[in-house]
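Q: Generate a structure from the sequence data that follows.
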Amino acid sequence: MEALNGASNIRAAGAGAEENLENQDLSFLQTAVSTFLSEYGWYLLVLCGGAYFLIQHLNKNRPSQDHSSSAATSQDPTSVVRRQEALEAARQRMQAELDAKAAEFKEKQQRMEEEKRRQKIEMWESMKEGKSYKGNAKLAQSNEEAATSTTVLKPKADKKPLRSSGT
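A: Okay, here's the model as predicted:
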(Lines give C-alpha, C1' and ligand atoms only; values in the text may rest on other atoms or scores of the structure.)
Protein backbone atom coordinates (compact mmCIF):
# COMPACT_ATOMS: atom_id res chain seq x y z
CA MET A 1 0.00 0.00 0.00
CA GLU A 2 2.79 2.26 0.75
CA ALA A 3 4.06 1.77 -2.73
CA LEU A 4 0.69 2.63 -4.11
CA ASN A 5 0.39 5.69 -1.91
CA GLY A 6 3.90 6.81 -2.94
CA ALA A 7 3.07 6.34 -6.58
CA SER A 8 -0.09 8.39 -6.21
CA ASN A 9 1.88 11.17 -4.52
CA ILE A 10 4.34 11.16 -7.37
CA ARG A 11 1.49 11.27 -9.85
CA ALA A 12 -0.07 14.13 -8.00
CA ALA A 13 3.20 15.98 -7.95
CA GLY A 14 3.68 15.25 -11.64
CA ALA A 15 0.15 16.35 -12.40
CA GLY A 16 0.80 19.61 -10.56
CA ALA A 17 3.87 20.28 -12.68
CA GLU A 18 1.86 19.69 -15.81
CA GLU A 19 -0.79 22.05 -14.50
CA ASN A 20 1.83 24.75 -13.92
CA LEU A 21 3.11 24.33 -17.46
CA GLU A 22 -0.40 24.42 -18.85
CA ASN A 23 -1.35 27.47 -16.78
CA GLN A 24 1.66 29.47 -17.93
CA ASP A 25 0.66 31.70 -20.79
CA LEU A 26 2.66 34.22 -22.83
CA SER A 27 2.84 36.84 -20.09
CA PHE A 28 6.62 36.39 -19.86
CA LEU A 29 6.83 37.28 -23.58
CA GLN A 30 4.75 40.39 -22.99
CA THR A 31 7.17 41.65 -20.34
CA ALA A 32 10.19 40.90 -22.55
CA VAL A 33 8.67 42.72 -25.53
CA SER A 34 7.59 45.72 -23.45
CA THR A 35 11.09 45.97 -21.95
CA PHE A 36 12.67 45.80 -25.40
CA LEU A 37 10.32 48.45 -26.81
CA SER A 38 10.83 50.75 -23.84
CA GLU A 39 14.61 50.61 -24.32
CA TYR A 40 14.89 50.50 -28.11
CA GLY A 41 11.51 51.75 -29.36
CA TRP A 42 12.67 54.95 -31.03
CA TYR A 43 15.54 53.17 -32.74
CA LEU A 44 13.16 50.53 -34.02
CA LEU A 45 10.73 53.18 -35.29
CA VAL A 46 13.47 55.06 -37.15
CA LEU A 47 14.80 51.81 -38.61
CA CYS A 48 11.36 50.83 -39.88
CA GLY A 49 10.81 54.26 -41.40
CA GLY A 50 14.20 54.17 -43.14
CA ALA A 51 13.52 50.71 -44.51
CA TYR A 52 10.11 51.87 -45.81
CA PHE A 53 11.59 54.87 -47.62
CA LEU A 54 14.45 52.79 -49.02
CA ILE A 55 12.01 50.24 -50.44
CA GLN A 56 9.85 53.02 -51.93
CA HIS A 57 12.90 54.60 -53.56
CA LEU A 58 14.10 51.31 -55.01
CA ASN A 59 10.64 50.44 -56.33
CA LYS A 60 10.35 53.87 -57.96
CA ASN A 61 13.60 53.35 -59.90
CA ARG A 62 12.96 49.75 -60.91
CA PRO A 63 9.87 50.23 -63.14
CA SER A 64 11.51 53.05 -65.11
CA GLN A 65 14.48 50.82 -65.90
CA ASP A 66 12.24 47.94 -66.96
CA HIS A 67 10.04 50.27 -69.02
CA SER A 68 12.95 51.89 -70.86
CA SER A 69 14.55 48.58 -71.78
CA SER A 70 11.26 47.13 -73.03
CA ALA A 71 10.50 50.32 -74.98
CA ALA A 72 13.86 50.18 -76.72
CA THR A 73 13.33 46.62 -77.85
CA SER A 74 9.74 47.14 -79.00
CA GLN A 75 10.49 50.07 -81.36
CA ASP A 76 10.53 49.53 -85.07
CA PRO A 77 13.89 49.65 -86.88
CA THR A 78 13.04 52.71 -88.99
CA SER A 79 12.59 54.92 -85.92
CA VAL A 80 15.86 53.64 -84.51
CA VAL A 81 17.64 54.45 -87.78
CA ARG A 82 16.05 57.95 -87.86
CA ARG A 83 17.13 58.60 -84.28
CA GLN A 84 20.70 57.48 -85.02
CA GLU A 85 20.82 59.70 -88.11
CA ALA A 86 19.56 62.66 -86.08
CA LEU A 87 22.24 62.00 -83.45
CA GLU A 88 24.92 61.81 -86.12
CA ALA A 89 23.71 65.09 -87.69
CA ALA A 90 23.78 66.79 -84.28
CA ARG A 91 27.31 65.50 -83.68
CA GLN A 92 28.45 66.80 -87.06
CA ARG A 93 26.92 70.23 -86.35
CA MET A 94 28.65 70.40 -82.99
CA GLN A 95 31.94 69.32 -84.56
CA ALA A 96 31.59 72.00 -87.26
CA GLU A 97 31.00 74.66 -84.58
CA LEU A 98 34.01 73.45 -82.66
CA ASP A 99 36.16 73.51 -85.79
CA ALA A 100 35.03 77.08 -86.56
CA LYS A 101 35.88 78.23 -83.03
CA ALA A 102 39.27 76.53 -83.27
CA ALA A 103 39.97 78.25 -86.60
CA GLU A 104 39.00 81.64 -85.10
CA PHE A 105 41.26 81.06 -82.12
CA LYS A 106 44.15 80.03 -84.38
CA GLU A 107 43.62 83.12 -86.52
CA LYS A 108 43.57 85.34 -83.44
CA GLN A 109 46.77 83.72 -82.15
CA GLN A 110 48.46 84.34 -85.52
CA ARG A 111 47.39 88.00 -85.45
CA MET A 112 48.76 88.36 -81.92
CA GLU A 113 52.07 86.76 -82.95
CA GLU A 114 52.24 89.01 -86.01
CA GLU A 115 51.63 92.08 -83.82
CA LYS A 116 54.36 91.02 -81.41
CA ARG A 117 56.73 90.42 -84.30
CA ARG A 118 55.92 93.84 -85.77
CA GLN A 119 56.56 95.50 -82.39
CA LYS A 120 59.91 93.75 -82.10
CA ILE A 121 60.86 94.91 -85.59
CA GLU A 122 59.90 98.50 -84.71
CA MET A 123 61.90 98.30 -81.52
CA TRP A 124 64.92 96.95 -83.40
CA GLU A 125 64.70 99.71 -86.03
CA SER A 126 64.38 102.42 -83.41
CA MET A 127 67.38 101.03 -81.57
CA LYS A 128 69.36 101.06 -84.86
CA GLU A 129 68.56 104.74 -85.25
CA GLY A 130 69.72 105.38 -81.70
CA LYS A 131 66.31 105.97 -80.24
CA SER A 132 64.89 104.17 -77.25
CA TYR A 133 61.80 102.22 -78.07
CA LYS A 134 60.47 102.50 -74.54
CA GLY A 135 61.20 106.23 -74.53
CA ASN A 136 59.16 106.64 -77.72
CA ALA A 137 56.30 104.75 -76.18
CA LYS A 138 56.44 106.91 -73.06
CA LEU A 139 56.52 110.08 -75.16
CA ALA A 140 53.51 108.95 -77.15
CA GLN A 141 51.60 108.15 -73.99
CA SER A 142 52.52 111.46 -72.34
CA ASN A 143 51.47 113.37 -75.48
CA GLU A 144 48.11 111.60 -75.41
CA GLU A 145 47.66 112.33 -71.70
CA ALA A 146 48.60 115.98 -72.16
CA ALA A 147 46.13 116.31 -74.99
CA THR A 148 43.32 114.74 -73.00
CA SER A 149 43.90 116.53 -69.69
CA THR A 150 43.87 120.33 -69.62
CA THR A 151 44.45 120.80 -65.89
CA VAL A 152 48.00 121.00 -64.64
CA LEU A 153 48.84 119.53 -61.26
CA LYS A 154 50.64 121.88 -58.89
CA PRO A 155 53.25 120.52 -56.55
CA LYS A 156 52.51 120.98 -52.86
CA ALA A 157 54.58 123.73 -51.31
CA ASP A 158 53.79 123.00 -47.67
CA LYS A 159 55.45 119.63 -47.33
CA LYS A 160 56.46 118.39 -43.94
CA PRO A 161 60.10 117.39 -43.67
CA LEU A 162 60.72 113.69 -43.19
CA ARG A 163 63.41 114.28 -40.56
CA SER A 164 63.86 116.96 -38.07
CA SER A 165 66.94 119.12 -38.67
CA GLY A 166 68.44 118.05 -35.37
CA THR A 167 67.56 121.02 -33.19
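Q: so where's the chain shaky on pLDDT?
A: 1-24, 63-74, 133-157, 165-167 (pLDDT under 70).
Q: how close does M123 sit to R117?
A: According to CB to CB, to the nearest Å, M123 stands 11 Å off from R117. Bear in mind the C-beta positions are built from the backbone N, C-alpha and C, glycine included.
Q: which one of these two has more residues nearby?
A: M123 (16 against 10; other CB atoms under 10 Å).
Q: Name the SS class of that one, please.
A: helix (DSSP: H, G, I helix; E, B strand; the rest coil).
Q: which secondary structure element contains A96?
A: Per DSSP states H and E, A96 falls inside helix 77-128.
Q: helices or strands up against that helix?
A: helix 133-148 (3 or more CB pairs under 8 Å, 6 or more residues apart in numbering; DSSP states H and E).
Q: Just to check, L37 is in contact with T31?
A: No: using CB atoms under 8 Å, L37 makes no contact with T31, being 11.0 Å away.
Q: Can you point out the helix or strand that includes P161?
A: Using DSSP H and E, no helix or strand contains P161.
Q: Distance of it relative to R111?
A: From P161 to R111 the distance is 54 Å (CB to CB).
Q: out of these two, which sits in the busier spot?
A: R111 (10 against 6).
Q: which ones are touching the more buried one?
A: Applying CB atoms under 8 Å, 6 or more residues apart in numbering to R111 gives no contacts.
Q: what's the neighbour count on S126?
A: 16.
Q: Over to L58?
A: 9.
Q: helix or strand for it, which one?
A: L58 belongs to helix 27-74, assigned by DSSP H and E.
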